[in-house]
Every structure is written in structure tokens, then in C-alpha cells.
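J.: with the input below, show me the fold.
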Amino acid sequence: MPDSRKKILIVAPYFYPNIEWGGPVTVSFNHVTALKNAGYQVTVLTTDATCPGNVPKNAISNSDGINIVYAKSILKGLAWNFRIFLSIDQILKGWKMISQFDVVHFQDTFVLQNILLAIRCKALRTPYVITPHGSLNFTKERGKSLIKRCFINLLSKKYLKSCSKIIAVSGSEKENIDQTFPYLKRKTVYIPNIVQTNMFTKIDLRSKLDIPSNDLIILYLGRIYGLKGVVELASGFLEYLKKYNRSATLIFAGPDAGSVDEIKKTLKGSDYRNKVIFTGEVMGDYKSNLIYGSDTICLLSKSESMPTVLLEAASYVKPIICTKECNMNSLTSCGGALLTDRSPESIALNISKLENKKTRTNMGRKAKDWFDINYDTAKIINQYKDIYANAK
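T.: From the prediction side, this is the model:
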């Protein structure tokens, strides 16, 4: 690949270390890190949009050799509450920066800054690609479908049609885009997410969280809000404890995005409410230890593109419980995950199937084998090399 295609500008509404925005932050950071390790010169242009009270200290930072430029946001409450990201500063910075790069890689779809900066790309004949992170999946569960369609028809259609490629991170996301936007079918390609499993200092999770040695540990990891099926998970967990008379602990690890109170309301009055732990936001070694120290990872999403946390769980040799909306069909088919609906009875039944340690070990190994085959970083980076080299 010619050196002239090794300067990449990533434009994102949010980025590391603001992990409270969920999976796309981890996905983008892993992608950027892998590009840097492959010899690319990568700069990230993002905003300081965060959850309340978590603002980057510096306008420009360097994380593991990655240049990150933070632009000032306006009306930050719109970002956290409605996912509306506004930053005149990002537009001004990007307008000047684009000419220094060979390819621009936009993250997300419904961001006004991206649309305006794409116009600048066209003027400078700088090719750009887009990773929607599931934002082009119009489902009832995700909501705002009418608003999103209007946004695309009025503002985003040319932005989408003029890009070099649209990168779907799962086969189901590509199928959805192909069906919803037939005119984008030739542009849309499937490239899996990059998952990096780092070395970490192990701790005794049971001692740290005061969990009995015989408890089955069930982990939910991510933003705690309704779309992820967290309330249903709490109800199913209570059903499991009542019906099967077993000892278990459910951990909700992640920032509250609106559903913690509802979960606590579900637990109120129950004899088992002390069997549910809320850790708050986690990252680094603690996050790794939560996955490593848990017996199973559970995600009951109502709509997903490709859940990073389940890929991480598979890389840590952990069995998984998930819903069909998590798009893990190949993992469930190979025996690395159990498929459940969101009824308390189904959730309880599937938790009970993982009581046996040998069963968990066998499922975890199958999950790891599946991960190694499908998510080899070198292969994924080669796909990106081709995308960037041929962008036009």
C-alpha cells in the first residue's frame, strides 16, 4: 500500500477515555490502536461531550501514541440525554485539518458536524468512509425512526451516497442497510470489530465484592439502560433464585443511563435484593477482572449491531447468555452461547443451564475458538488497508 494512504483522520462525536458512551468508544479505540500498530499515522478529532462531570482535562492529548483532539461541545445536555452532538469547534478544527490527511473515517451517521465536514472532504477530493455503529438500523426498540428517516432524506443522503465505503460491523447490520437503503448496497461492506485483550493484574473478585465462594456470578457489563434489557435481566435473575433455590450474584457494571432506579424498584421488597451489585463505571484492569472472574456474561439487548462486550467475553473463554437481537447466531450455533428471550422464565432456565462448571468450561472453550477464527486482528486490519488504499 502506498505511503500516501497512511494518514487517517478519525472523526467521532465521542472517544476514549469517555467510555460511558458504550461499545462504540471501545470499538473505535481498538480500531485506532490497531491502525497505529500497523504503521498508520492516526489522529482522532472528537468532542468533549461526556456524561455530567466527566470532562477531558486537555484539549489535545496523546494516548498510547494516538493524537486526540477534543473540540468544545455546545448544549452538552442534548448529547447525554438525546444523543444530539453539536460542536461548532469540531467543524472549525476539522475544516482546517482535513487537508493534512489522505482518508477521513467518520464514526456514526446522525451527526451534523460529519455532514458538513464531508462537504469539505468533497471540495478537497479527500475520500471518506463511514462506520454507522448500528445507527442506520431503524427498529422500534431504538426509537426515533421517523426523525432519523427525515434527517437522512433532508441532510444525510448525499453524505451517505458520496462516501467511498460504509462499514457494517456485523453481517446482520449489512443486511439491514442493504434492505433499508438499496442505493447503498454496493458501498456497504462487512468488517468485524477489532477486540484487544490486554494483560492485566488479576485480583480476587469474590473477595473484593464480598461474593460467597459458592455463588454463580452473572455479569452485565455496559451502560445501564432499557435498550439493553437490564430490567428484564433483574426480573429473570430473581425468578432464577426463587425457582431453582440456588445461590448466585448478579453484577451490573457500568454507568447509569437511566435504568438503575427501575432495576432497584424491581428488586424492592425482595429477599434477594442484596444479591445484586452495582459497581458504577469500570475500565482498565477492573473491567478485565470482572469478565475474567465472572461465570457467565449476559446481554438481553432489544437492538444491537455487534456487542463488543460479548466479543470480549468470548476472548476470555466465558460462556454467554444473549437474545437473538444481539446477532450472535454463529456463536450460539457453535455452542458458545445460550439464546434466551426476555421473559423471566426463559432467563432463569438459561442461567440454570450454567450451574455446572464443566458445562461452563466447555461452552467457554467453544466461544474462544469461535472468537479466534472470526476476529483475528491481522486479517481485519488487512481489510481496512484495502478500504483505505482504494478509497475514492
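
J.: let me know the secondary structure of residue 45.
T.: Assigned with DSSP: H, G, I helix; E, B strand; the rest coil, residue 45 falls in the strand class.

J.: could you report the distance from it to residue 12?
T.: Counting by CB to CB, to the nearest Å, the gap between residue 45 and residue 12 amounts to 7 Å. Where C-beta positions appear, they are placed from N, C-alpha and C, glycine not excepted.

J.: okay, those two: which has more neighbours?
T.: Neighbour count, other CB atoms under 10 Å: between residue 45 and residue 12, residue 12 has more, with 28 against 24.

J.: am I right that residue 219 sits in a helix?
T.: No. Applying three-state DSSP, one finds residue 219 to be strand, outside a helix.

J.: ok, for it, nearest residue in space, not its chain neighbours?
T.: Of all residues beyond its chain neighbours, the one nearest residue 219 is residue 294 (3.8 Å), with distances taken as CB to CB, 6 or more residues apart in numbering.

J.: which pLDDT does the model give the one you found?
T.: Taken from the predicted model, the pLDDT recorded for residue 294 is 97.

J.: quick check, it in contact with residue 218.
T.: Yes. The pair formed by residue 294 and residue 218 meets the contact definition of CB atoms under 8 Å, at 6.9 Å.

J.: which residues do these two both contact?
T.: Residues touching both residue 294 and residue 218 (CB atoms under 8 Å, 6 or more residues apart in numbering) are residue 251.

J.: point out where this protein drops to low pLDDT.
T.: Judged by pLDDT under 70, the chain has its weakly predicted residues at 1-5, 16-23, 50-65, 75-84, 138-149, 151, 153-154.

J.: which ones are touching residue 225?
T.: Contacts for residue 225 (CB under 8 Å, 6+ apart) come out as 257, 258, 259.

J.: could you dump stretch 300-307 to CSV, C-alpha only?
T.: In CSV, the C-alpha atoms belonging to stretch 300-307 read as follows (Å, rounded to 0.1, in the frame of the first residue of the first chain):
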residue,chain,number,x,y,z
LEU,A,300,-30.5,-9.2,26.7
SER,A,301,-30.4,-6.3,24.2
LYS,A,302,-33.5,-5.3,22.2
SER,A,303,-31.4,-4.0,19.3
GLU,A,304,-27.7,-4.3,18.6
SER,A,305,-25.2,-4.0,15.8
MET,A,306,-22.4,-6.2,17.3
PRO,A,307,-22.0,-6.1,21.1
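
J.: ok, residues contacting it?
T.: By CB under 8 Å, 6+ apart, the list of residues contacting stretch 300-307 from outside reads 23, 132-134, 137, 139, 141-142, 168-170, 173, 192-193, 222, 226-230, 232-233, 236, 299, 321-323, 325-328, 340, 342, 347.

J.: centre of the chain to it, how far?
T.: 9 Å (CA atoms, centre = their mean, to the nearest Å).

J.: what about the strands in this protein?
T.: Per DSSP state E, the chain carries strands over the ranges 7-11, 41-47, 60-63, 66-71, 103-107, 128-131, 165-168, 188-190, 216-221, 248-253, 276-280, 296-299, 320-322, 337-339.

J.: with distance to residue 90 added, can I get these in a markdown table?
T.: Formatted as a markdown table, the strands of the chain follow (distance: least, CB to CB, whole Å):
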| stretch | distance to residue 90 |
| --- | --- |
| strand 7-11 | 8 |
| strand 41-47 | 6 |
| strand 60-63 | 13 |
| strand 66-71 | 4 |
| strand 103-107 | 12 |
| strand 128-131 | 15 |
| strand 165-168 | 21 |
| strand 188-190 | 26 |
| strand 216-221 | 29 |
| strand 248-253 | 31 |
| strand 276-280 | 29 |
| strand 296-299 | 32 |
| strand 320-322 | 35 |
| strand 337-339 | 38 |
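
J.: could you say which one of those comes nearest to residue 375?
T.: Ranking the strands of the chain by their distance to residue 375 (criterion: CB to CB) puts strand 188-190 first, at 12.8 Å.

J.: quick one: contacts of that closest one?
T.: With contact meaning CB under 8 Å, 6+ apart, strand 188-190 is reached by 165-171, 173-174, 177-178, 383, 387.

J.: out of the residues you listed, grab the one that's most surrounded.
T.: The residue in the contacts of strand 188-190 with the most neighbours, by other CB under 10 Å, is residue 168 (26 neighbours).

J.: got the buried residues for stretch 350-358?
T.: Using 16 or more other CB atoms under 10 Å as the test for burial, stretch 350-358 gives 350, 351, 354.

J.: now, which of those residues sits nearest residue 276?
T.: residue 351 (13.6 Å).

J.: excluding its backbone neighbours, what's nearest that closest one?
T.: Here the nearest residue to residue 351 in space, its sequence neighbours aside, is residue 240; by CB to CB, 6+ apart that works out to 4.6 Å.

J.: now the one you found: how far from residue 25?
T.: Counting by CB to CB, the separation of residue 240 from residue 25 is 31 Å.

J.: who's more crowded, those two?
T.: Comparing residue 240 with residue 25 by neighbour count (other CB under 10 Å), the higher total belongs to residue 240, at 25 against 21.
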